[in-house]
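S.K.: what's the 3D shape of this:
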Amino acid sequence: MNQKYLMGMAAEGGQTVVFEAQASNVAAFICRNRMAPELLVCTLDYKMFLTARTGMVDVCPERKFLVQELLPALVLMQTGQVQDIVPFPVSWTVKMKKKQKETQDILSYHSQAAGCSDKTRAKASGGRQPIEECGRTGL
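M.R.: Take a look at the predicted model:
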């Protein structure tokens, strides 16, 4: 993985947070939001990194990271052997509050405009792919 930071977004209404791109931080974000029907972890430029549903990893294209780093860390946290503490920097959390509303508006718009029945697919595209499909521009 060549990212320095990742951004986590829980299902609608959840807080968007940015954290260092480490397996323990991703696992902690998943554990803290384990009751969310779906969550998304993406890069800061909104490229999908992974999705999870109710605490279980759903999609993760980074297979090596998933198997060698994330799953071992996630299992330890889910079984209570390691505490799920994530060092979310306060400054990042405050900065991302404005981005959260904008991001959710974009994802919602593109899900509706593209006729997506699966919001995760729209989130995975970062809200960019459906623009061409629906012919809308200017976002």
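S.K.: Going by C-alpha atoms from here, please, whenever you check contacts or count neighbours.
M.R.: Fine.
S.K.: which sections of the protein are below the confidence cut-off?
M.R.: Within the chain, the stretches with pLDDT under 70 are 12-14, 84-139.
S.K.: how does it look with 80?
M.R.: Low-confidence segments of the chain (pLDDT under 80): 1, 11-15, 83-139.
S.K.: Helices along that one, start to end?
M.R.: 23-32, 63-65, 71-78, 90-113, 119-124, 129-134 (DSSP state H).
S.K.: For the first one, which helices and strands make contact with it?
M.R.: Just to be clear, that refers to helix 23-32. With contacts taken as 3 or more Cα pairs under 8 Å, 6 or more residues apart in numbering; DSSP states H and E, helix 23-32 sits against helix 71-78.
S.K.: Also the third one?
M.R.: The elements that helix 71-78 packs onto, with contact taken as 3+ Cα pairs under 8 Å, 6+ apart, are helix 23-32.
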